[in-house]
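Colleague: What follows is a predicted protein model with its sequence.
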Amino acid sequence: MSSRKMRLAAAVLVAGALTVTTACSSGHSNGSGTPGASKEPVKTTAITIGSADDSKGPAIAEPNAKKGGTVNMIDRDDFSHLDPGQIYINTNAEVSLLFTRQLTGYKTMADGSQKLVGDLATDTGSTTDGGKTWKFTLKDGVKWQDGSALTSADVKYSIERTYAKFIKSGPTYIQSWISGDKYRDAYQGPYEGQHLDAVQTPDAKTVVITFADVHPDANFTLAMAGYGVVPQAHDTKEEYDKKPYSSGPYQITEHVTDRSLDLERNPNWDASTDPIRNAYPDKWHMTFGVQAQQSTERFMADNGDDKTAFSFHNTVYPAYIDQVKNDEKLKPRTLEGLTPYVDYYYINNTRIKDQKIREAMVRAFPHQQTRQLQGGSSYGDYATSYMSPSVMGWESYDAYGINKKPEGDPEAAKKILTDANALNTTITYAFNNTPLQQKVTEAIRDAMTKAGFNFVPKPIDPKTYYDVIGLLNNEYDLYWGGWGADWPTGYTALQPVWDGRAMADGASNYGHVNDPEINDAIDAAAKIADPIAAGKAFAAIDKKLQDKAYAIPDVYQRSLSLYGSGLGGVKYDSLAGLQSPLNIYVK
C-alpha cells in the first residue's frame, strides 16, 4: 500500500475523530453547532529550521509546572500501532513522542512558533549536494531504557526494517527515495543479514543517507513518527507493535489491548539531550473504550480522576458544542484550533473539462449553509486554498471570493454559465448516504440549481465511499474528500493530490488533474533546497490550482476539545490536530 493511500486513510480517520462522526465514515461531522464565521482569522503556523543550539536540551520549561503525579487519558480507541515503522495516524504518532525518538522533530518555542530541530541528532542534518546526500551526527548521552547507548547502527537498522514485509502501515518516502517505488523487490529488510548501502555509518555517531535524487526536505520526513528508531537488540518484529522499547522519557509497563496503556519514567532518558519533551508526570494511565459523548460529559462534570485527564482522540460531542463554548467555567480548559487537514469538494476533471463550468461550480457553492449544518465555525474555517495554513509557505489567496460570499453567489455562477453557453449542465454529485449528508446535499442542490445546473445527487454507502470515488472511471462530477500534509511543507500537501502522474485507481488524485504545467512546477519546487523559497514555490502552485478551479476548497478543519481542571500545560498541537502531551503536568 502506497504512502499516498495511507495518508488518505490517516486523513479520513482523523477527520472522523475531529468531527466526532457517528454515522459516517467519510470524515463529515454529524454535529449541529453554531453558525457564523470563526472568531479568529486564519494564521499560518510559523515553522523554521532550528540551529544546533535550538537542538540542545532540555525542552523549554512550562511556566509553573511541577513534577510528579499521574496523568489519565480517556479515549475511544486503543492505538492501532506503536511500532514506529507502522505509524501513520496522528494519535499513534502523538503518544509515541513519549517513548520513541527520531533523528529530527518539532520544538514548540515560548511564543508558540515551531522549529524543526535535531531530536537524536545534533542538528537538522546537512547536505552539500542539494538534498541527495544527508549527514546526521547523533548527540552524546542518548540511551535506551536499559542504559545501553543509542548508536548510528540503530538508526541504519531502523530504516532497513521499514522494508520488511510485516511493516505495512507506515510511510514509504525514505524507502522509495532510496530504492524506487518497488522498494520491497529491491530489498527485503535486515533479517537475513542483508543491508542497505545507501545508509552508511562510518562511526557510532554518524549516519549518512544517500537518495537516488535530491530531496531537500528529507529532514522534515525524518521527523515523522514512522521513522522513529528501533534497537536491533530488542526488535521483536510483529510483537514490537504492542510494546516498543523506549528511547524517550517514559517506558511502557503494561499494555492491555483495547483496555489500557500504562507508562512510567525511563530512568535512562537524559533531559539534556532532548529539546522537545518535558517529562513532568511520574506516570500515565490511558484507558480506552470511552465514546466522545461519555468523555465530554466526564470532562464537563470534572470529578475524581477525570480532573487529571485529557484525550488525544475524543473531541467535544456535537450536541454539547454550544454549551461548552458558552460556559465561562469551561473556557479555561477548552482547546480549539485548526488541524492540518483541508476539506475539498473534488471536481472530476476527466468529466468537467471546461474551466468556465468549474468556475461556476466554485462560485455557486454554499459554504456557509453546509458548514452550519456540520457544526458551524467549530467544524472549520472557510478554506480558499488547497494547502492548509499549517503548511510552510502558505499564503492567503481567495481567487473566487469565498470569504466575501461564503453563502455562494448563484447569480454570478449563472452568468458564467450563460456566457459559456453551458446552462443546464448536468452535475452528478456523489455523497455519503447518511441523514446529515442528505441535508448537506439538499443545500448544495439548492445553490447549484439556482446557478443553472442540472444537479443529480447519487447516494453512496459510507463503507465503500472512497472505493467508489477512487475509481478513475467513476460516474460522478463532484464529491467530497479531505487531505493533510505528511510534514508541513508544500510537497506532501500538493504532490500526492494534484500531480497527474499520481493518477490511479485508489490513489489520492481524486480530481483527476493531469496538468503538465502543474506537474512540472511540482518537480521544480521539490528540488529547491531553501525551505522558504520552496514554500513560496508551492504557494505559487496552490494559486495556479485555484485559478484553474480544479476543485472547491471548503474548510480548514478545526478541533474543539476539553481536559480536566487538575492539569496544566495542555496545549494544542497544530501539526497533528490533537492535544499534546509534551508539557502536561499535574497541578
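Modeller: That came in fine, so what should we check first? All of these numbers come straight from a predicted model, not from anything done at the bench.

Colleague: alpha carbons only for contacts and neighbour counts from here, please
Modeller: Will do.

Colleague: Grab the nearest non-local neighbour of Asp505.
Modeller: Take Asp505 and drop its neighbours on the chain: the residue closest to it by CA to CA, 6 or more residues apart in numbering is Leu471, 4.7 Å away.

Colleague: Distance of the one you found relative to Ala233?
Modeller: Here Leu471 is placed at a distance of 44 Å from Ala233 (CA to CA, to the nearest Å).

Colleague: quick one: which of the two has more around it?
Modeller: Each of Leu471 and Ala233 had its neighbours counted (other CA atoms under 10 Å), and the higher figure belongs to Leu471 (16 against 8).

Colleague: Next, that one: phi, psi?
Modeller: For Leu471, the backbone dihedrals are phi -80, psi 130 (criterion: degrees, to the nearest 10).

Colleague: List the contacts of it.
Modeller: Contacts for Leu471 (CA atoms under 8 Å, 6 or more residues apart in numbering) come out as 504-506.

Colleague: can you check Asp140 too?
Modeller: Thr273.

Colleague: Please produce a markdown table containing the contacts of Leu471, extended by pLDDT.
Modeller: Listed next are the contacts of Leu471 as a markdown table, based on pLDDT from 0 to 100:
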| residue | pLDDT |
| --- | --- |
| Ala504 | 82 |
| Asp505 | 87 |
| Gly506 | 81 |
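
Colleague: Filter these down to the buried ones.
Modeller: With neighbours counted by 16 or more other CA atoms under 10 Å, the contacts of Leu471 contain buried members at 505-506.

Colleague: Which one of the contacts of Leu471 is nearest to Met109?
Modeller: Gly506 (39.2 Å; CA to CA).

Colleague: residue ranges with poor pLDDT in the protein?
Modeller: Segments of the chain classed as low confidence (criterion: pLDDT under 70) are 1-46.

Colleague: and it, what are its domains?
Modeller: In the assignment given by automatic domain parsing, the structural domains of the chain cover 77-277, 337-559.

Colleague: Which among those domains is found nearest to Ser311?
Modeller: Using CA to CA as the measure, domain 77-277 is the one of the domains of the chain that comes nearest Ser311, at 9.8 Å.

Colleague: hang on, the earlier thing: adding distance to Asp322, write the domains of the chain out as CSV.
Modeller: Written out in CSV, the entries for the domains of the chain read as follows (distance: least, CA to CA, whole Å):
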stretch, distance to Asp322
domain 77-277, 25
domain 337-559, 10
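
Colleague: and Ala61, which of those is closest to it?
Modeller: Each of the domains of the chain was scored for nearness to Ala61 using CA to CA, and the closest is domain 77-277 (8.7 Å).

Colleague: Do you have the helices of the stretch 51-200 of the chain handy? List them.
Modeller: Counting by DSSP state H, counting those that start in this stretch, the stretch 51-200 of the chain forms helices over residues 90-96, 152-161, 173-179, 183-186, given from the N-terminal end onward.

Colleague: contacts for the second one?
Modeller: Taking contacts as CA under 8 Å, 6+ apart, the residues outside helix 152-161 that touch it are 85, 138, 167, 174-175, 189-191, 195-196, 199-201, 203-207, 227-232.

Colleague: same thing with the shortest one?
Modeller: Residues outside helix 183-186 that contact it (CA under 8 Å, 6+ apart) are 163-165, 175-176, 179.

Colleague: centre of the chain versus that helix, how much separation?
Modeller: Averaged C-alpha coordinates place helix 183-186 at 27 Å from its chain's average position (CA atoms, centre = their mean, to the nearest Å).

Colleague: what do you get for stretch 499-507?
Modeller: Between the mean C-alpha location of stretch 499-507 and the chain-wide mean there is a distance of 20 Å, by CA atoms, centre = their mean.

Colleague: Ends of that stretch, what's the gap?
Modeller: One end of stretch 499-507 sits 11 Å from the other (CA to CA).

Colleague: measure the closest residue to Ala225 other than its chain neighbours to Phe288 for me?
Modeller: When the adjacent residues along the chain are set aside, Ala225 lies closest to Ala93, with 5.3 Å between them (CA to CA, 6+ apart). Using CA to CA, Ala93 is found at 17 Å from Phe288.

Colleague: more neighbours, the two?
Modeller: When Ala93 and Phe288 are compared on other CA under 10 Å, the one with more neighbours turns out to be Ala93, at 23 against 18.
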